[in-house]
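S.K.: no sequence on this one, just coordinates:
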């Protein structure tokens, strides 16, 4: 059984290396027969059908992908076909972008970092950059995320300067991509898809908090959903 890590791997990018480490930590802890492979984003449009057949779950990795369109194709497939998916940092942003484009039908939805002059900036620059910061996240219950953490307040590490534009919070939240984790001011930090077995996005980078001695609970839960299929 294989996980497809959707992103363009750079070994010097801390969050991406931590993704590998976190998956390894959870696989070892759970004792499951799962492997993972990075899938270069530019290869996705031509290989989409093969990818769908080859991987049973996807991690939308941190970082700016070479092909945003390729990433959005994977997210849409996982969303519409109940395939386990987690997205962190940039992955969180692309989960929201895909949902805005294909569920809310906002074809012009865009990302301020990539296209600052776009008319519908669903992903916009945060008032304060979160790069290199740790912060509190308050978890809404009931939710899948609250079942995983079993805590109402957590501390996580961030590496992002962009997030969900407040203008689009209500239409996204009210149509099923529910905001289930916020900061102290109520700004979105975790989303999950209502009715999906496992479809979670975090603006923070949980893999940075994973260790061999203490794998991260979100990664454990993702791996467990993979292995139970």
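M.R.: Received, thanks. Remember, predicted model here, so these are calculated numbers, not experimental data. Residues are numbered from 1 along each chain as shown.
S.K.: secondary structure class for residue 169?
M.R.: Look at residue 169: counting by DSSP: H, G, I helix; E, B strand; the rest coil, its state is helix.
S.K.: per-residue pLDDT, residue 50?
M.R.: Note on residue 50: pLDDT of 98.
S.K.: which element follows the one helix or strand it maps to toward the C-terminus?
M.R.: Secondary structure assignment for residue 50, by DSSP states H and E: helix 44-54. The first helix or strand that comes after helix 44-54 along the chain, using DSSP H and E, is strand 57-60.
S.K.: what comes into contact with that next one?
M.R.: 3-7, 19, 23, 36, 71, 74-75, 78, 83-88, 90-91, 94-95, 198, 201, 222, 225-226, 229 (Cβ atoms under 8 Å, 6 or more residues apart in numbering). In short, each C-beta sits where N, CA and C put it, glycine included.
S.K.: one step back: which secondary structure elements does the helix holding residue 50 sit against?
M.R.: Applying 3 or more Cβ pairs under 8 Å, 6 or more residues apart in numbering; DSSP states H and E, one finds that helix 44-54 contacts strand 2-6, helix 68-80.
S.K.: for the first one, packing partners?
M.R.: Think strand 2-6. helix 14-30, strand 35-39, helix 44-54, strand 57-60, helix 68-80.
S.K.: The second one relative to helix 14-30, how many degrees between them?
M.R.: Read that as strand 35-39. 160 degrees (axes from the mean of the first three to the mean of the last three Cα atoms, to 10 degrees).
S.K.: tell me what strand 35-39 is packed against?
M.R.: Using 3+ Cβ pairs under 8 Å, 6+ apart, strand 35-39 sits against strand 2-6.
S.K.: what do you get if the cut-off is 10 Å, keeping everything else the same?
M.R.: When contacts are defined as 3 or more Cβ pairs under 10 Å, 6 or more residues apart in numbering; DSSP states H and E, strand 35-39 packs onto strand 2-6, helix 14-30, helix 44-54, strand 57-60, helix 68-80.
S.K.: Would you mind finding the most buried of those?
M.R.: For the helices and strands packed on strand 35-39, average neighbour numbers computed from mean count of other Cβ atoms under 10 Å are highest in strand 57-60, which has a mean of 26.
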